[in-house]
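Sequence and predicted structure, then a few things I'm wondering about:
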Amino acid sequence: MENVKAIATFQLIGEEVYRTNTYIQFGSSRKSLGAVIMLNPGSAELQGEARKKLIMNGSHTDETTIDNTMRQLIHFMKATHSNLEGRLHIYNLFYVRNTASVEAIELFELLKTTGKYPTITLPSLFEMTQHPWILMGWGVEKRNRWRYFEKEKRDWLQLINASGIPSFGVLSENNEYFHPCPKGPAKSERLQQLIQTFNLNIKPLSLEK
């Protein structure tokens, strides 16, 4: 997509790939346009020489491919913002890569239980206050045995509440936040839901400033 790229840090830790510090860059400004909190990194990856550097050094920051979820977020941003110059920051509840949500959570729980998950802290309160809004979309999967997963959600909700930053998402009947990019026909419907929710609840707040 013209004048849009994705940047991320990849790390090889043990047998797993972790992706942190991810953002979608529109134009050249470093200003935050907003933030998204999702489940975990998906299929976006380094290519060519950048991938070789990751394998060689164990860690590398570079431009990454734009996966389906990122593409959905770009469509959302283009539909809700007239001036796209800045960064859309992408956070996750956990940072080990896996494209299947249930498998990803099970892997996260296993890594936490065995002490193999690296120390990755939540962003600071100051960092969160730099974002004009926060989109929550970590999915609706739920199991009683997922203790670490539920703790991550609680910690994020506390941080968001403390930041005072406007937040939104598409809620399920169980008050869980639907992922912004479901598979199949629901993808376009979810995009419209996000656009409508943003225009109704978030955009008026920016006009008041």
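That came through fine.

show me where the chain has helices.
Remark: helices of the chain, listed N- to C-terminal, are 48-57, 68-80, 101-113, 125-128, 147-163, 186-201, 203-208; assignment by DSSP state H.

got any ranges where this structure has weak pLDDT?
Counting by pLDDT under 70, the chain contains low-confidence residues at 1-2, 207-209.

Between the helices of the chain, which one is closest to Asn21.
Shortest separation from Asn21 across the helices of the chain is recorded for helix 125-128, at 11.4 Å, computed as CB to CB. Glycine gets a C-beta too; all of them are placed from N, C-alpha and C.

list the helices and strands that closest one packs on?
In terms of contacts (3 or more CB pairs under 8 Å, 6 or more residues apart in numbering; DSSP states H and E), helix 125-128 is packed against helix 147-163.

what inclination does the helix it packs on have with respect to helix 101-113?
For the pair helix 147-163 and helix 101-113, the angle between their directions (axes from the mean of the first three to the mean of the last three CA atoms, to 10 degrees) equals 90 degrees.

Just the CA trace of helix 147-163, in PDB.
What follows is the C-alpha trace of helix 147-163 in PDB, where atoms were taken according to Å, rounded to 0.1, in the frame of the first residue of the first chain:
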ATOM      1  CA  ARG A 147      -4.700 -18.300  34.300                       C
ATOM      2  CA  TYR A 148      -1.800 -16.300  32.800                       C
ATOM      3  CA  PHE A 149      -3.900 -15.200  29.800                       C
ATOM      4  CA  GLU A 150      -6.700 -13.800  32.100                       C
ATOM      5  CA  LYS A 151      -4.100 -12.000  34.200                       C
ATOM      6  CA  GLU A 152      -2.700 -10.300  31.100                       C
ATOM      7  CA  LYS A 153      -6.200  -9.000  30.200                       C
ATOM      8  CA  ARG A 154      -6.800  -7.700  33.700                       C
ATOM      9  CA  ASP A 155      -3.400  -6.000  33.800                       C
ATOM     10  CA  TRP A 156      -4.100  -4.300  30.400                       C
ATOM     11  CA  LEU A 157      -7.600  -3.200  31.500                       C
ATOM     12  CA  GLN A 158      -6.100  -1.600  34.700                       C
ATOM     13  CA  LEU A 159      -3.500   0.200  32.600                       C
ATOM     14  CA  ILE A 160      -6.000   1.500  30.100                       C
ATOM     15  CA  ASN A 161      -8.300   2.700  33.000                       C
ATOM     16  CA  ALA A 162      -5.300   4.400  34.700                       C
ATOM     17  CA  SER A 163      -4.300   6.100  31.500                       C
END
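
Contacts for stretch 103-114 next, please.
Residues outside stretch 103-114 that contact it (CB atoms under 8 Å, 6 or more residues apart in numbering) are 16, 39-40, 94, 96, 98, 116-117, 141, 143, 145-149.

From Thr9, how far off is Thr61?
The gap separating Thr61 from Thr9 is 4 Å, by CB to CB, to the nearest Å.

Ranking the helices of the chain by mean neighbour count, which comes first?
helix 68-80 (a mean of 19; mean count of other CB atoms under 10 Å).

Counting by contacts, list what that helix packs against.
In terms of contacts (3+ CB pairs under 8 Å, 6+ apart), helix 68-80 is packed against strand 16-26, strand 32-38, strand 86-92, helix 186-201.

between these, which one is nearest to Thr80?
Sorting those by CB to CB, the top spot, which is the nearest, belongs to helix 186-201 at 5.0 Å.
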